[in-house]
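Novice: Structural data only, the sequence is not supplied:
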């Protein structure tokens, strides 16, 4: 398994936080702490996605059928 800070584990943690925030039985103070933690995790995940986007290459064929590799500019 990857280290504890893997993208998938952070995403799972964020999903758990959202579930707790949606639970009306979660106390207000805990909700505030969970919200702050969720925002931080969300920022980390977004930064990782931006980093990954820069590494992705798109394969395109030109009119003659030649394959060209280009960096992905927009998702």
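Specialist: Alright, I've got the coordinates. Note that the structure is a prediction, hence the values are computed from the model and not measured.

Novice: So in the protein, where's the weakest helix or strand by average pLDDT?
Specialist: When each helix and strand of the chain is scored by mean pLDDT, DSSP states H and E, strand 57-61 comes last, with a mean of 64.

Novice: What distance do you get for residue 43 to residue 5?
Specialist: Taking Cβ to Cβ, to the nearest Å as the measure, residue 43 falls 14 Å from residue 5. Just so you know, the C-beta spots here come from the backbone N, C-alpha and C atoms, and that holds for glycine as well.

Novice: most distant residue from the middle of this structure?
Specialist: Distance from the centre of the chain peaks at residue 64, with 37.4 Å (Cα atoms, centre = their mean).

Novice: Helix, strand, or coil at it?
Specialist: At residue 64, secondary structure determined by DSSP: H, G, I helix; E, B strand; the rest coil is coil.

Novice: phi, psi of it?
Specialist: Residue 64 adopts backbone torsions of phi -90, psi 0, taken as degrees, to the nearest 10.

Novice: What segments of the chain are strands?
Specialist: For the chain, the strands defined by DSSP state E cover 57-61, 67-71.

Novice: Now do the spatially most central residue of the chain, the pLDDT please.
Specialist: Closest to where the C-alpha atoms of the chain average out (Cα atoms, centre = their mean) is residue 45, at 3.6 Å. Residue 45 is assigned 97 on the pLDDT scale.
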